[in-house]
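Novice: What would the 3D arrangement of this be:
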Amino acid sequence: MPVIAVLGLGEAGGAIAGGLVAAGAVVRGYDPAVPAGTGMVACGGEAEAVAGADLVLSVNSAHDAVAALKAGAGAAGGAVWADLNTGSPGLKRELDAIAKESGVRFADVAIMAPVPGRGLRTPLLVSGDGAARVAEIITPLGAEIQVMDGAAGLAAERKLLRSVFFKGLAGSVVEALEAARAAGCEDWLRANIVAELAAAGEHTVERLVTGTYKHAVRRAAEMEAAATMLDEMDVPNPMAAASRDLLRRLSS
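Specialist: The predicted structure is shown next:
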């Protein structure tokens, strides 16, 4: 079975590492703040965890990704360094360059769904020179991986493009429900949102895009009124204000 180093044993890293252990892999874990879980080999630093590994999964944070790579790359040998942190495509390209300088293959891994409840079976999108090797090692253990033909940064780009839509949608729903709660009609609006989402089909995106461009002037005024209403309710409204500003730009 493969030897896999997992750097970062928080919610995502811990769940993935636990799945790897359950699948029979030798897992060498390191996290300065979280102890290694049952069945893992506890290590005292990145270099110790990486030494002798076939694959390194860096699941600490985008803020720590460069430091972790620099600390462990010298001990990586023939391992593939896979960065699973949510970072910009530019960060992934920077990590790839650092890895190449150390003679280490790199893979940009985008986690495409929440890890809790899925663990190792969370869908992963992978690009970069080491992408195929990552899939070769952990797919037999139960991982769900889609390999992209392209450089590091492409997987991160796809994930973040999706995030603009999905996290923006989530933010708008949260803001709208908070305002509806202040207005005393949260249940009504929640049911309305559920009905709209349930009725969405393959033509919904085109309808939304076409309507937004066509009616930008009128909708900008509508969202200005909505933002003003939320101000009067003392409800923070960055999503409504951003929608207003977008519509103003499209109508100019």
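Novice: What's the first helix or strand after the strand or helix carrying residue 220?
Specialist: Taking DSSP states H and E as the definition, residue 220 sits inside helix 216-232. The helix or strand immediately downstream of helix 216-232 is helix 238-251, counting by DSSP H and E.
Novice: Now residue 7. Its backbone dihedrals?
Specialist: Here the main-chain torsion angles of residue 7 (degrees, to the nearest 10) amount to phi -100, psi 110.
Novice: for residue 29, that is, sorry about that
Specialist: Taking degrees, to the nearest 10 as the convention, residue 29 sits at phi -110, psi 140.
Novice: Please list all residues in contact with it.
Specialist: Residue 29 is in contact with 5, 6, 7, 9, 17, 36, 37, 40, 41, 42, 43, 49, counting by Cβ atoms under 8 Å, 6 or more residues apart in numbering. Where you see a C-beta, it was placed from the backbone N, CA and C, and this is true even at glycine.
Novice: Which of the three states applies to the fifth one?
Specialist: Right, residue 17. Recorded secondary structure, residue 17: helix (DSSP: H, G, I helix; E, B strand; the rest coil).
Novice: what's the neighbour count on the nearest residue to it once chain neighbours are set aside?
Specialist: Spatial nearest neighbour of residue 17, excluding adjacent residues (Cβ to Cβ, 6 or more residues apart in numbering): residue 6 at 4.2 Å. Neighbouring residues of residue 6 were enumerated by other Cβ atoms under 10 Å; the total is 31.
Novice: what's the helix or strand for residue 6?
Specialist: strand 3-7.
Novice: average model confidence for that strand?
Specialist: For strand 3-7, mean pLDDT rounds to 98.
Novice: what do you get for stretch 100-107?
Specialist: Across stretch 100-107, pLDDT averages out at 96.
Novice: swap in stretch 158-178?
Specialist: The average pLDDT within stretch 158-178 is 98.
Novice: Would you mind pulling the contact partners of that stretch?
Specialist: Under the contact criterion Cβ under 8 Å, 6+ apart, stretch 158-178 has outside partners 86, 88-89, 110-112, 125, 148, 186, 189-190, 193, 230, 235-240, 243.
Novice: Buried ones among the residues you listed?
Specialist: In terms of neighbour count (16 or more other Cβ atoms under 10 Å), the buried residues within those are 86, 89, 110-111, 125, 148, 189, 230, 235, 237, 239-240, 243.
Novice: Reformat these into JSON lines and put pLDDT and distance to residue 209 next to each item.
Specialist: What follows is the buried ones among the contacts of stretch 158-178, written out as JSON lines (pLDDT from 0 to 100; distance: Cβ to Cβ, whole Å):
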{"residue": "86", "pLDDT": "97", "distance to residue 209": "26"}
{"residue": "89", "pLDDT": "98", "distance to residue 209": "24"}
{"residue": "110", "pLDDT": "98", "distance to residue 209": "25"}
{"residue": "111", "pLDDT": "98", "distance to residue 209": "28"}
{"residue": "125", "pLDDT": "98", "distance to residue 209": "24"}
{"residue": "148", "pLDDT": "97", "distance to residue 209": "26"}
{"residue": "189", "pLDDT": "98", "distance to residue 209": "24"}
{"residue": "230", "pLDDT": "98", "distance to residue 209": "25"}
{"residue": "235", "pLDDT": "98", "distance to residue 209": "28"}
{"residue": "237", "pLDDT": "98", "distance to residue 209": "23"}
{"residue": "239", "pLDDT": "98", "distance to residue 209": "18"}
{"residue": "240", "pLDDT": "98", "distance to residue 209": "19"}
{"residue": "243", "pLDDT": "98", "distance to residue 209": "14"}
